[in-house]
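# Sequence and predicted model, in that order:
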Amino acid sequence: MLPSLADVLDLPVVRRARPRVVTGADRLDAPVRWVHVAEVTDLAHLLRGGELVLTTGIALPDDTEALRRYVTDLAGAGVSGIAVELGRKYRRRLPDALVEAARQAGVPVICLHRETRFVEITEAVHRRVLSEQLEELRASERLHTVFTDLSVEGAPPDRVLREVARLSGCPVLLENLSHQVLACDLNGEDPGILLASWESRSRSVRSTRRTVHEPATGWLVTTVGARGQDWGRLILVCGASPTSLQTTLVERAATTLALGRLLERHQESLERQTHRTIIAGIIDRSYTDPEEALVRARAVGVPLAGRTLVALVLRLRDAGTGLAVQARLADTAEGVARVCRELRLPALVGSLDDLRVGVLLSLSAAEDVERCLDRLAPLVHERVGPGTVIAVGSPADDIRRVRASFLEARQVGDVAVHRAADRPYHRLPDLRLRGLLHLLRDDERVQTYVEREVGPLLAHDARHGEDLTSVLRHYLDAGRNKALAASRAHLSRPAFYGRLRRISHILGADLESVETCLSLHVALLALDSVRDQFPR
């Protein structure tokens, strides 16, 4: 940390010169980076900011405007202050023009009333600056050693925060992007005070850069993340003016936290990759001997022999695009794996494709499948979010039947993902007629049936740019209640009745007949299955 102007004035060699602050007493906290001795007036272009300019004033101009320009040029260069020795040019006091210009520019001006060797001042200040810089370098090296060791050890976040609190003497907190506290070390502070209304207080502190300081709260905030994927913020409650060492501390800690998460994800992704390979081998029948799947699964700690095997498929409603897809799938798979570990349910967990995660539960004979699913599903939804449908295949007691269970679960998921999330998990019986039609959607007889029943209406809509098909849907979904269907279609009753008559004419069908309407309703459900699009 650089010495301030006040620190410089307190040095013995400077005190011997009997310094007196003429103007700028409120700016003595300005850091002094260097001392520059100059007896010329055009030196501003030689400075970089943070210098204390020492001069006898012998070469300063007598002209008022030139004197003002001298001061304003130095202020523009960012000097910390101007120290003028009296006796050579100015006997008792400095010119009013110089003092006034310095006051307006906000530059501290100091009078040295006793002659002194400027070289002694420069040596003392530079020694102090270099000593501070050397100490900062040593402290930075200590931080580097501490956090490198933590990174190598794979230290958890609470351990990293404990070191930050110890080294800084301040409370430190780690939050996610939703401003929820993930971990903290309050360093003896009252949690009731420090954590009160945390989310609202945190949202008021915006991170315009990777690391920012908010004077109003005294928070030093740095973003935590890597590879362009930020996932949290590290907050050091350090007060009004953080030191450069504190800034280095939180940034180094944030890097350690980000690296730890990457290592954790990488380690777990290796497990997921192994599980995915085993599941894919079962589904694709890659193993020449089914016993090979049992051996591979047992090697990763999941026994499959003599167990009740239940295939689950987690179908994402909307995964996103690009890297977001892989990130969402990875997070979903990891979340499910953690839930299974917490419930002590042996399971293989791995992604199946860009939209699905497969889970193969291995239950003992004494465990009830329904009870396990009732425990598992709510925790999975809580952990991975609401945008996921859990589909369950039929239980299998042999590895050879697991493939059919997975295929069934996948088909159930493809149908259930388009329905309202009214169940914690879905099975084939839950889907009723819609599920059956989805299973038969590739059958040419089903497709022929759809074209025969509603093909003319679809062709009419395509030719005329109308949507009479949706009118028919509303009518059939409302149980042939015309008033209710008209309301759902946002049409007046006369207009809705008129469109029904046109539909009846186009299809050559009696829409008052229960059997005819049932046939049309099944055809529309089958159409949804063929198109893989389902109204919710």
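Okay, I see it. Numbering: from 1, shown residues only.
# CA atoms for contacts and neighbours, from now on please.
OK.
# Give the residue spans of the protein that score low on pLDDT.
1, 227, 263-270, 318-325, 418-422, 431-432, 435-436, 438-439, 441, 532-536 (pLDDT under 70).
# ranges for the strands of it?
19-23, 34-37, 51-55, 81-85, 109-112, 172-176, 181-185, 211-214, 219-226, 229-237, 308-316, 347-351, 356-363, 388-392 (DSSP state E).
# would you list the ones you listed in a markdown table and tack on distance to Ala293 and mean neighbour count?
Output for these, formatted as a markdown table (distance: least, CA to CA, whole Å; neighbours: other CA atoms under 10 Å):
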| stretch | distance to Ala293 | mean neighbour count |
| --- | --- | --- |
| strand 19-23 | 84 | 16 |
| strand 34-37 | 72 | 20 |
| strand 51-55 | 73 | 22 |
| strand 81-85 | 78 | 23 |
| strand 109-112 | 83 | 23 |
| strand 172-176 | 39 | 22 |
| strand 181-185 | 39 | 18 |
| strand 211-214 | 50 | 19 |
| strand 219-226 | 36 | 23 |
| strand 229-237 | 36 | 21 |
| strand 308-316 | 13 | 27 |
| strand 347-351 | 11 | 27 |
| strand 356-363 | 12 | 25 |
| strand 388-392 | 21 | 27 |
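# okay, the ones you listed in CSV with distance to Leu43 next?
Below are the strands of the chain laid out as CSV (distance: least, CA to CA, whole Å):
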stretch, distance to Leu43
strand 19-23, 22
strand 34-37, 10
strand 51-55, 10
strand 81-85, 13
strand 109-112, 17
strand 172-176, 45
strand 181-185, 50
strand 211-214, 34
strand 219-226, 37
strand 229-237, 41
strand 308-316, 67
strand 347-351, 67
strand 356-363, 69
strand 388-392, 68
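# right, and the ones you listed - which one's nearest Leu262?
Leu262 sits nearest to strand 219-226 of all the strands of the chain, at 7.9 Å, using CA to CA.
# The closest one pairs with which strands, and in what direction?
strand 211-214 (antiparallel), strand 229-237 (antiparallel) (DSSP bridges).
# which other residues reach it?
With contact meaning CA atoms under 8 Å, 6 or more residues apart in numbering, strand 219-226 is reached by 207, 210-214, 230-239, 242, 247, 250-251, 254-255, 257-259, 262.
# what's the answer for stretch 197-204, then?
Ser178, His179, Gln180.
# How much space separates the nearest residue to the second one once chain neighbours are set aside from Ser80?
Closest residue in space to His179, ignoring its immediate chain neighbours: Glu199 at 5.3 Å, by CA to CA, 6 or more residues apart in numbering. Taking CA to CA, to the nearest Å as the criterion, Glu199 is separated from Ser80 by 40 Å.
# the more surrounded of those two?
Ser80 (27 against 14; other CA atoms under 10 Å).
# what residues are up against Arg103?
Arg103 neighbours (CA under 8 Å, 6+ apart): Thr23, Gly24.
# what's the spacing between it and Arg338?
Distance from Arg103 to Arg338, counting by CA to CA: 65 Å.
# my guess is Tyr287 contacts Ala280, does it?
No - taking contacts as CA atoms under 8 Å, Tyr287 lies outside contact range of Ala280: 9.8 Å.
# Compare neighbour counts for these two and give me the winner.
Neighbours were counted for Tyr287 and for Ala280 using other CA under 10 Å; Ala280 has more, 18 against 14.
# just to revisit the earlier point, closest to Gly387 out of the contacts of stretch 197-204?
The nearest one, if we look at those relative to Gly387 and count by CA to CA, is Ser178, at 17.6 Å.
# Quick check: phi and psi at that closest one.
Phi and psi for Ser178, reported as degrees, to the nearest 10, are phi -90, psi 10.
# got the contact list for it?
Glu199 are the contacts of Ser178 under CA under 8 Å, 6+ apart.
# From Ser513, how far out is the spatially closest residue to Asp414 that is not a sequence neighbour?
Take Asp414 and drop its neighbours on the chain: the residue closest to it by CA to CA, 6+ apart is Arg315, 7.3 Å away. Separation of Arg315 from Ser513 (CA to CA) stands at 39 Å.
# tell me the domain ranges of the chain?
Listed by automatic domain parsing, the domain ranges of the chain are 5-128, 154-262, 287-432, 444-531.
# Could you provide these in TSV, with additional columns for distance to Glu141?
Converted to TSV, these look like this (distance: least, CA to CA, whole Å):
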stretch	distance to Glu141
domain 5-128	20
domain 154-262	11
domain 287-432	35
domain 444-531	63
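# out of those, which comes closest to Arg272?
Of the domains of the chain, nearest to Arg272 by CA to CA is domain 287-432, at 5.1 Å.
# quick check, distance from that closest one to the centre of its chain.
26 Å (CA atoms, centre = their mean, to the nearest Å).
# what do you get for stretch 238-246?
25 Å.
# Alpha carbons only: can I get that stretch in PDB?
The C-alpha trace of stretch 238-246 is given here as PDB (Å, rounded to 0.1, in the frame of the first residue of the first chain):
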ATOM      1  CA  CYS A 238     -14.300  -4.700   4.600                       C
ATOM      2  CA  GLY A 239     -15.600  -1.200   5.200                       C
ATOM      3  CA  ALA A 240     -15.200   2.100   3.300                       C
ATOM      4  CA  SER A 241     -11.800   1.700   1.800                       C
ATOM      5  CA  PRO A 242     -10.400  -1.700   0.900                       C
ATOM      6  CA  THR A 243      -6.700  -2.200   0.600                       C
ATOM      7  CA  SER A 244      -5.100  -3.500  -2.500                       C
ATOM      8  CA  LEU A 245      -4.200  -6.600  -0.600                       C
ATOM      9  CA  GLN A 246      -7.800  -7.200   0.300                       C
END
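# so Ala509 makes contact with Leu518?
No - counting by CA under 8 Å, Ala509 does not reach Leu518; the two are 11.8 Å apart.
# Could you single out the nearest of the contacts of stretch 197-204 to Cys111?
Taking the contacts of stretch 197-204 together and measuring to Cys111 by CA to CA, the closest member is His179, at 51.8 Å.
# Relative to Gly335, how far out is that closest one?
Distance from His179 to Gly335, by CA to CA: 20 Å.
# Among the two, which residue is more densely surrounded?
Gly335 (20 against 16).
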